[in-house]
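Peer 1: Everything below, folded, please.
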Amino acid sequence: MTTTQIFHDTPADKGFRARWWTGRVAIYAVLILWAAICLFPIYWTISTSFKAAPDVMKGHIVPWVDFAPKWLGWRSLGMSPDTIGQESTVRAEFLKRFWNSAVVSLSASALAVLMGSLAAYGLSRFSYKFGFMKNADISFFFLSQLILPPVVLALPFLVLYKEVGLLDTRIGLILIYTLSVMPIVIWIMRDQFASIPTELEEAALVDGLSIWGAFLTIILPIALPGMVAAFILSLVLTWNEYFFAALLTSTNAVTLPVMVASQTGSQGISWWSMAALSFAAILPLIVIGVVLERYIIKGMAAGAVK
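Peer 2: Numbers count the residues shown, from 1 in each chain. Model (predicted):
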């Protein structure tokens, strides 16, 4: 003889389920709202690149409803469908500035990650004393370099670069960009290396590896996500840097931020051209962020787990 038991939801179960669904809906609503807020500037930039002057001034937002999209902004850069196959001085200038930004940003970020990772590894594994300064003081000294406003360094760097012949050169920008982002890399990678147990290196040393061998074969692969995250952050900062690029370059080494800011004339600002140029400039960063998303998440989260 079998007994069949029928279970009915109690009022407490129904209340719990209702609260659970309410909480989930509220969380997703907040996330969707925040995503819309974060993505709206990009949408505004893209839509502005397809607007004419009256549509820009009136604040029209929705294409085919508020305004009829046109290729005005992209045509001014020689990148519209009807001009992409023709010779364009502006497009050639854009590609030159794009190449300058790519070379300077990638080189500076790679150098900063390379040297910053070595400095961070030393600070996380060895004890130093320089006068009254110990490891914590040295780490804070690197971070304190970010407190100094760039405008304070304008005149010294301008005079120095003029004397050594680095004005309007990509090498000059690479050097100053490397110095500017290295403190951030050191702080990110110091936490990364500190989260890796020292027993791994001790076991590698017992097996006959040198300190460099243990670092390259054991520690470096584990810390790779953090290095990628630090590289991407450095790339974003150097790619978007404007002050030193405008100060130290004039013709040959001008980067994209300087070109974007130059979209002004006697008749005002060419918003459509600036929007098209801005979106073309940020598109590589968007692609890199999407492709390397998992490394960014791993790198940012690894240092939080001890």
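Peer 1: Quick one: mean pLDDT over the helix or strand containing residue 191.
Peer 2: Secondary structure from DSSP states H and E places residue 191 in helix 170-194. Per-residue pLDDT over helix 170-194 has a mean of 91.
Peer 1: buried ones in that helix?
Peer 2: 170, 172-190, 192-193 (16 or more other CB atoms under 10 Å). Quick note: C-beta positions are derived from backbone N, CA and C, even for glycine.
Peer 1: elements contacting whichever helix or strand comes after that helix?
Peer 2: Remark: after helix 170-194, the chain's next helix or strand is helix 198-206, criterion DSSP H and E. The contact analysis (3 or more CB pairs under 8 Å, 6 or more residues apart in numbering; DSSP states H and E) places helix 198-206 against helix 211-214.
Peer 1: need the next SSE after the helix it packs on, C-terminal direction.
Peer 2: Following helix 211-214 in sequence order, the next helix or strand is helix 220-240 (DSSP H and E).
Peer 1: hmm, who's touching that following helix?
Peer 2: Residues outside helix 220-240 that contact it (CB atoms under 8 Å, 6 or more residues apart in numbering): 101, 104-106, 108-110, 112-113, 116-117, 177, 180-181, 184-185, 188-189, 191-193, 196, 200, 256-257, 281, 284-285, 288-289, 292, 295-296, 298-300, 302-303.
Peer 1: List the buried residues for that helix?
Peer 2: The neighbour-count check on helix 220-240 (16+ other CB under 10 Å) flags 223, 225-240 as buried.
Peer 1: And stretch 101-110, by the same measure?
Peer 2: Buried residues in stretch 101-110 (16+ other CB under 10 Å): 101, 103-109.
Peer 1: distance between it and the chain's centre?
Peer 2: Distance, stretch centre to chain centre, for stretch 101-110: 12 Å (CA atoms, centre = their mean, to the nearest Å).
Peer 1: Could you do stretch 31-45 as well?
Peer 2: Stretch 31-45 sits 17 Å away from the centroid of its parent chain (CA atoms, centre = their mean).
Peer 1: now swap in stretch 106-120 and tell me
Peer 2: So, by CA atoms, centre = their mean, the centroid of stretch 106-120 is 15 Å from its chain's centroid.
Peer 1: repeat for stretch 116-136
Peer 2: Distance of stretch 116-136 from the chain centroid (CA atoms, centre = their mean) equals 27 Å.
Peer 1: Surely residue 192 is in contact with residue 123?
Peer 2: No. The criterion here is CB atoms under 8 Å, and residue 192 misses it with residue 123 at 11.6 Å.
Peer 1: Count the residues that sit near residue 32.
Peer 2: Neighbours of residue 32 under the rule other CB atoms under 10 Å: 10.
Peer 1: doesn't it fall inside a helix?
Peer 2: Yes. Counting by DSSP: H, G, I helix; E, B strand; the rest coil, residue 32 is found in a helix.
Peer 1: distance of it from residue 39?
Peer 2: Counting by CB to CB, to the nearest Å, the gap from residue 32 to residue 39 is 11 Å.
Peer 1: Over to residue 121?
Peer 2: From residue 121 to residue 39 the distance is 37 Å (CB to CB).
Peer 1: Could you state which residue of this protein sits nearest its centroid?
Peer 2: residue 236 (2.7 Å; CA atoms, centre = their mean).
Peer 1: and the direction of the host helix or strand of residue 143 versus that of helix 170-194, what angle?
Peer 2: Following DSSP H and E, one finds residue 143 within helix 135-144. Computed with axes from the mean of the first three to the mean of the last three CA atoms, to 10 degrees, the direction of helix 135-144 lies at 140 degrees from that of helix 170-194.
Peer 1: So for residue 121 and residue 39, which sits in the more crowded spot?
Peer 2: residue 121 (22 against 10).
Peer 1: I'd guessed the more buried one sits against residue 189; true?
Peer 2: Yes. Counting by CB under 8 Å, residue 121 does reach residue 189; the two are 7.3 Å apart.
Peer 1: got the contact list for residue 127?
Peer 2: Contacts here follow CB under 8 Å, 6+ apart; on that basis residue 127 touches 134-135.
Peer 1: and it, what are its phi and psi?
Peer 2: Note on residue 127: backbone dihedrals following degrees, to the nearest 10 are phi -100, psi 130.
Peer 1: ok, now the one 5 residues further on?
Peer 2: According to degrees, to the nearest 10, the main-chain angles of residue 132 amount to phi -90, psi 0.
Peer 1: how many other residues sit next to it?
Peer 2: Residue 132 has 6 neighbours, counted by other CB under 10 Å.
Peer 1: and it, what pLDDT?
Peer 2: Residue 132 carries a pLDDT value of 80.
Peer 1: And the helix or strand residue 99 falls within, what's buried?
Peer 2: Per DSSP H and E: residue 99 is located in helix 89-125. Using 16+ other CB under 10 Å as the test for burial, helix 89-125 gives 90-91, 94, 97-98, 100-101, 103-109, 111-113, 116-117, 119-125.
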